[in-house]
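> Sequence unavailable; structure follows:
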Ligand code: C5P
């Protein structure tokens, strides 16, 4: 189970860094990566991320940058120097922004003699339906827009996208085997769906072509988070 490349990314959706660290204390960096998002980062800044990296965890900094190219590039460079393993931007920021992010990550990694982090993009937020998209000026179905933005992400040389397990087969077919697919909305069989609507089990997500599974509450709210993680890793097979 202690693989060099864990497929599970545990989402640390906490406002309190002490609470997040208490959970992290119970997890093994060989069994999972960790995701820090806007809430914890706004409250506590980069310090908890540094501590988790120091403990050997691969860190996904989920701040979904979306701004003018120069601003996003600087933010991506700073995240790279922090030593994260994965970071993300919004594909809707456009070609120039995506290219600037890609180049900034490569330069910052080379400059700090660190491995280059995976740079992935968010395509269409899963909270938006067809009407929401029309209201903000996007024509066409969410599925077509997702594919279009994922193709743009690949064309700009980024490493992959965040997508639902439902979208994964078509993205895998269209964008090839090396493009990283990172899927949230994962629920082990028999656990609560909570507020997620299009859910998949970990096995289904992997079978659909996902590389990494973002899992929050099914692990963080379990009575024994390490055991819940071990059970999921076991369903994904030895060696990953
Ligand atoms: O607790 P749960 O497993 O639902 O957490 C899923 C995580 O993935 C949360 O951090 C959530 O913000 C994130 N996420 C998501 N759906 C997306 C993108 C990110 O649930 N489309």
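Thanks, I have the structure now. On a predicted model such as this, the values are computed, not experimentally measured, just so you know.

> Quick one: name the residues of this structure near the ligand.
Contacts of the chain with the ligand, taken as CB under 6 Å from any ligand atom, map to 11, 13, 37, 126, 162, 184-185, 194, 196, 214-218. Every residue, glycine included, has its C-beta placed from N, CA and C.

> Could I get the residues you listed in CSV, plus columns for pLDDT, distance to residue 52 and neighbour count?
Converted to CSV, the residues of the chain next to the ligand look like this (pLDDT from 0 to 100; distance: CB to CB, whole Å; neighbours: other CB atoms under 10 Å):
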residue, pLDDT, distance to residue 52, neighbour count
11, 98, 13, 20
13, 97, 15, 17
37, 98, 13, 18
126, 86, 26, 19
162, 98, 20, 24
184, 96, 19, 23
185, 94, 23, 20
194, 87, 24, 13
196, 82, 25, 16
214, 98, 16, 21
215, 97, 16, 27
216, 97, 16, 19
217, 96, 19, 15
218, 96, 20, 23
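
> ok, so of these, who is nearest residue 149?
residue 162 (10.8 Å; CB to CB).

> wait, doesn't that closest one sit right on residue 182?
Yes: using CB atoms under 8 Å, residue 162 is in contact with residue 182, at 4.9 Å.

> What residues sit buried inside stretch 34-53?
34, 35, 36, 37, 40, 41, 44, 46, 48, 49, 52, 53 (16 or more other CB atoms under 10 Å).

> In contact with residue 63, which residues?
37, 38, 41, 75, 79, 87, 88 (CB atoms under 8 Å, 6 or more residues apart in numbering).

> now do 6 Å
For residue 63, the contact set (CB atoms under 6 Å, 6 or more residues apart in numbering) is empty.

> just checking, it is part of a strand?
Yes: assessed with DSSP: H, G, I helix; E, B strand; the rest coil, residue 63 lies in a strand.

> For the ligand, see how far away it is.
12 Å (CB to the nearest ligand atom, to the nearest Å).

> Spatially, what comes nearest to whatever residue of the chain ends up closest to the ligand if we skip its sequence neighbours?
Ranked by CB to the nearest ligand atom, the top residue of the chain for proximity to the ligand is residue 216, at 2.5 Å. Closest residue in space to residue 216, ignoring its immediate chain neighbours: residue 11 at 3.5 Å, by CB to CB, 6 or more residues apart in numbering.

> just checking, that neighbour touches residue 35?
Yes: using CB atoms under 6 Å, residue 11 is in contact with residue 35, at 4.6 Å.

> give the contact list for the residue nearest to residue 216.
35, 214, 216.

> Quick check: the gap between residue 211 and residue 237.
As judged by CB to CB, to the nearest Å, residue 211 and residue 237 stand 14 Å apart.

> between those two, who's got more neighbours?
residue 211 (22 against 10; other CB atoms under 10 Å).

> What about the closest residue to that one other than its chain neighbours, how many residues nearby?
Leaving out its chain neighbours, the residue that sits closest to residue 211 by CB to CB, 6+ apart is residue 180, at 4.9 Å. Using other CB under 10 Å, residue 180 is surrounded by 17 other residues.

> doesn't residue 158 make contact with residue 180?
No: the criterion here is CB under 6 Å, and residue 180 misses it with residue 158 at 9.0 Å.

> so the residue nearest to residue 211 bridges to which residues?
According to DSSP bridges, the residues that bridge with residue 180 are residue 160.

> now do residue 59
residue 34.

> per-residue pLDDT, residue 30?
In this model, residue 30 is scored at 97, pLDDT.

> quick one on the thing from earlier: a markdown table for the buried residues of stretch 34-53, including secondary structure?
Formatted as a markdown table, these follow (three-state DSSP):
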| residue | secondary structure |
| --- | --- |
| 34 | strand |
| 35 | strand |
| 36 | strand |
| 37 | strand |
| 40 | helix |
| 41 | helix |
| 44 | helix |
| 46 | coil |
| 48 | helix |
| 49 | helix |
| 52 | helix |
| 53 | helix |
